[in-house]
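In: Would you be able to build a 3D model of this:
(one chain, ligands or ions: 1)
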Amino acid sequence: MKKRNLSALREGLREAIEKAGMDVPSGGIHIEKSKTPGFGHFAVNIAMSLAGREKGDPRAIAEKIKAHLDPVLFEKVEIAGPGFINLWVEQKFYSTECADLAADLEKYLSGVFEIQKKKPIMLLDTSHPNIAKPMGVHHLLSTIIGDAVKKIYKRFGYQVVNDNYLGDWGTQFGKLIYAIRQWGDMKLIGKNPIPELLNLYVKFHNEAEKDPGLEDFGRAEFKKLEKGDSENRKLWEFIVAKSMVEFQKIYDRLHVEFDMINGESFYENKMPAILEYGRKKGIFIDGEQGAWIVPMENPDEPPAIVRKSDGSTLYATRDLARIKYWEDNWHPELMVNVVDVAQELYFKQLFEVTDKLGLTKAKNVHVKFGRMQFEDGKMSTRKGNIILLEEVLDESEDRAMKLAEEKGIELSADERKELARIMGVGAIKYNVLSQNRTTNITFNWDKMLTFEGNSAPYLMYTAARAHSVIRKAETDAKEAAKYTLELKEPAETQLAIELLLYADSIRRAAQEFKPNLIANYLYELAQEFNVFYNNLPILQADSEELKKSRLLLTVCVLKIMEDGLGLLGIEVPEKM
Ligand code: ARG
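Out: Numbering: from 1, shown residues only. Predicted coordinates:
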């Protein structure tokens, strides 16, 4: 298969290294964009990594490699500092890459990633709110980050199965059933399900503090539910259905879809098998008062509990049954849980038990994320972590509408409303996805909804600019794919270099499960494009050839903006 993009440059380097009589280190060849224009398009530090093994001077090694580099592809090569190889790449290379990208971006990327017919499979656990409770902020983050991980992995060549592992099982449902019978009003619940159910749940806890005997009643109701008692079953189904209607409203607004919805209850009948299996293997051993436990490798850690002393199962038992079910049905290469950092120890232990049981060959990954921090105090939140998401989305759309008005964007009333929707939802998603998920995620309206800086409206506006140039030129991507690049001005070359880096941002975002690497890339691309756009005439370029070259660059910018924001689950308005 023909190497594309940076892989083609790596391949050229590899050949030169081998011709110079050396082996490429197993870590591979890293190519980076030069920090300073004038020092080449790309910089490579391979001579330094080779120097250790070859016991030579890195500059001398760099010279040897240089002597064997293809002088056509690498039209200029310089050795700098302790042994960096600075590369200037021929114009024709950029031109072919850009033309192919413009012609069919997906096909182009599948060539870059060398996607095979038989795709590796990833099972993905995202969103997973708890039935009968409002969706928490952490569930919203999991939904947004998980959706991006899914889209990024699909583009990277995986078959992805995204599951909404609902919290729809456990003793809390016995308590809720008891509370509904005791104090509930079915009409009120029908009308306003989640707040009513939450109130009943809170009431149960308050009453149980005064009268601990209630806990037993709750447990008894859950036992009945587990045994298949038809009244309890009906009530539980009603609760699940009502909650799902509420969750679905949010998923609709976010345009998030799942390939399956197997909540915790789905694993009810699959737990006895896993318990028996772990018992037989001697891995589930007796703990205190007859509970079944798995001691951890690290003696300082508490053991994992897989069965309570009264014989009932737990959250961890269901997760183990889920992992086995995923393995048996898909044999995936990757199993990924997008869950907040609060469950870090839990997942570490779950994976340790999974390994001990030998449940799967898949790599299990906990993609964790930090807390949402609200910078501008006034947010539509209730009780800290509970967020009235619909209100936040409404507010975001209102603010987006004001922003569009201030900017004096000329649109019809309908177009303006649609723009406010796209910007409002996009700003919330982009705010989450452009930050490093491993630290806390800050929420600040002013930074999210502005046309300056690293924000969704800035990127959308940049894309709309590119769109408008293409519209005025009366051309399109298919046509532009026939054009040839002519890189004369530094701003053009910088933009061409930047365009090559999109694929790498996807690769790294996938490998590290970090959508912010794509967001950051898009922000850099937008800045490069705006320098180009503000300084060089496109439609009024000096020659027809130059105009076409600049249009091809513009088409590529737009394609990548749309695709990249798409991977983050963000729509791009055509006009703004
Ligand atoms: N519903 C759970 C909660 O809100 C999260 C589920 C995470 N996924 C898992 N496989 N345990 O805490």
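In: and the residue of the chain nearest the ligand?
Out: Closest residue of the chain to the ligand, Cβ to the nearest ligand atom: residue 167 (3.3 Å). Where you see a C-beta, it was placed from the backbone N, CA and C, and this is true even at glycine.
In: Could you check what's spatially nearest to that residue, not counting adjacent residues?
Out: In space, residue 167 comes closest to residue 130 once its chain neighbours are excluded; the distance is 3.5 Å by Cβ to Cβ, 6 or more residues apart in numbering.
In: Residue 166 reaches residue 258, doesn't it?
Out: No - Residue 166 is not in contact with residue 258 according to Cβ atoms under 8 Å; the separation is 10.0 Å.
In: overlap in contacts of those two?
Out: Common neighbours of residue 166 and residue 258 are not found (criterion: Cβ atoms under 8 Å, 6 or more residues apart in numbering).
In: which SSE is residue 162 in?
Out: strand 159-163 (DSSP states H and E).
In: C-alpha coordinates for that strand, PDB please?
Out: Presented in PDB, the C-alpha positions along strand 159-163 are these (Å, rounded to 0.1, in the frame of the first residue of the first chain):
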ATOM      1  CA  GLN A 159     -15.800  -1.000  14.500                       C
ATOM      2  CA  VAL A 160     -17.400   0.600  17.500                       C
ATOM      3  CA  VAL A 161     -20.300  -0.600  19.600                       C
ATOM      4  CA  ASN A 162     -21.500   2.000  22.000                       C
ATOM      5  CA  ASP A 163     -23.600   0.800  24.900                       C
END
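In: ranges for the helices of the stretch 251-400 of the chain?
Out: Ranges of helices within the stretch 251-400 of the chain are 271-280, 315-330, 344-357, 389-406, based on DSSP state H, counting those that start in this stretch.
In: which parts of this structure sit against the ligand?
Out: Where the chain comes near the ligand, counting by Cβ under 6 Å from any ligand atom, the residues are 125, 128, 130, 165, 167, 319, 337, 339.
In: Next, format those as TSV and append neighbour count.
Out: Formatted as TSV, the entries for the residues of the chain next to the ligand read as follows, by neighbours: other Cβ atoms under 10 Å:
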residue	neighbour count
125	22
128	23
130	17
165	24
167	19
319	23
337	26
339	24
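In: Tell me where the model's unsure across the stretch 301-450 of the chain.
Out: The model of the stretch 301-450 of the chain has pLDDT under 70 over residues 376-387.
In: still on that earlier bit, as a markdown table, the residues of the chain next to the ligand with distance to residue 86 would be great.
Out: Formatted as a markdown table, the entries for the residues of the chain next to the ligand read as follows, by distance: Cβ to Cβ, whole Å:
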| residue | distance to residue 86 |
| --- | --- |
| 125 | 45 |
| 128 | 49 |
| 130 | 55 |
| 165 | 49 |
| 167 | 54 |
| 319 | 51 |
| 337 | 43 |
| 339 | 44 |
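In: Which of those residues fall in strands?
Out: Where the residues of the chain next to the ligand overlap with strands, as defined by DSSP state E, the overlap consists of 125, 337, 339.
In: Identify the residues contacting the strand holding residue 162?
Out: Residues lying outside strand 159-163 but in contact with it, judged by Cβ under 8 Å, 6+ apart, are 119-126, 146-147, 150, 153-154, 257-262, 330, 332.
In: Could I have the buried ones of those residues as ChimeraX selection syntax?
Out: Command for ChimeraX that selects the buried part of the contacts of strand 159-163, burial taken from 16 or more other Cβ atoms under 10 Å:
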select :121,122,123,124,125,126,146,147,150,153,154,258,261,262,330,332
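In: can you tell me which of the contacts of strand 159-163 are in strands?
Out: Members of the contacts of strand 159-163 lying in strands (criterion: DSSP E): 121-125.
In: Which one of those is nearest to residue 113?
Out: residue 122 (14.4 Å; Cβ to Cβ).
In: returning to that earlier point: please name the residues that touch the residue of the chain closest to the ligand.
Out: By Cβ under 8 Å, 6+ apart, the residues touching residue 167 are 128-131, 263-264.
In: ok, now with 7 Å
Out: Residues touching residue 167, when contacts are defined by Cβ atoms under 7 Å, 6 or more residues apart in numbering, comprise 128-131, 264.
In: Same question for residue 529.
Out: Neighbouring residues of residue 529 by Cβ under 7 Å, 6+ apart: 462, 466, 495, 557.
In: buried subset of these?
Out: Neighbour-count burial (16+ other Cβ under 10 Å) applied to the contacts of residue 529 gives 462, 466, 495, 557.
In: now the first one, what's its secondary structure?
Out: What it means is residue 462. Going by DSSP: H, G, I helix; E, B strand; the rest coil, the secondary structure assigned to residue 462 is helix.
In: Could you double-check that it lies in contact with residue 526?
Out: Yes - here residue 462 lies in contact with residue 526, judged by Cβ atoms under 7 Å, at a distance of 4.2 Å.
In: what's the average pLDDT for stretch 71-78?
Out: Stretch 71-78 comes out with an average pLDDT of 97.
In: Then stretch 277-297?
Out: In this model, stretch 277-297 has an average pLDDT of 96.
In: residues touching the residue nearest to residue 128 when sequence neighbours are not counted, list them.
Out: Ranked by Cβ to Cβ, 6+ apart and with sequence neighbours excluded, the top spatial neighbour of residue 128 is residue 165, at 4.4 Å. Contacts for residue 165 (Cβ under 7 Å, 6+ apart) come out as 125, 128, 262-264, 322.
In: Equivalent analysis for residue 139, please.
Out: By Cβ under 7 Å, 6+ apart, the contact set of residue 139 is 127-129.
In: do the same with residue 178
Out: Contacts of residue 178 by Cβ under 7 Å, 6+ apart are 204, 217-218, 221.
In: Quick check on it: phi, psi?
Out: The phi and psi values for residue 178, taken as degrees, to the nearest 10, are phi -60, psi -50.
In: now residue 76
Out: With angles defined as degrees, to the nearest 10, residue 76 shows backbone torsions of phi -150, psi 140.
In: So it is in contact with residue 88, correct?
Out: Yes - look at residue 76 against residue 88 with Cβ under 7 Å: they come within range, at 3.8 Å.
In: More neighbours: which of the two?
Out: Taking other Cβ atoms under 10 Å, residue 76 and residue 88 do not tie; residue 88 has more neighbours (16 against 12).
In: check which helix or strand covers that one.
Out: When elements are defined using DSSP H and E, residue 88 is found to belong to strand 84-89.
In: Show residues contacting that strand.
Out: Residues outside strand 84-89 that contact it (Cβ under 7 Å, 6+ apart) are 9, 34, 39-47, 62, 65-66, 73-80.
In: Stretch 440-453 now?
Out: Outside stretch 440-453, the residues within contact range by Cβ under 7 Å, 6+ apart are 141, 369-376, 379, 399-400, 403, 407, 427, 431-432, 435, 455, 457-458, 461.
In: Only the buried residues of it, if you could.
Out: Residues of stretch 440-453 classed as buried by neighbour count (16+ other Cβ under 10 Å): 441-443, 445, 447-449, 451.
In: Next, give me the two most distant ones among those residues.
Out: Among the buried residues of stretch 440-453, 441 and 451 lie farthest apart (Cβ to Cβ), at 21.9 Å.
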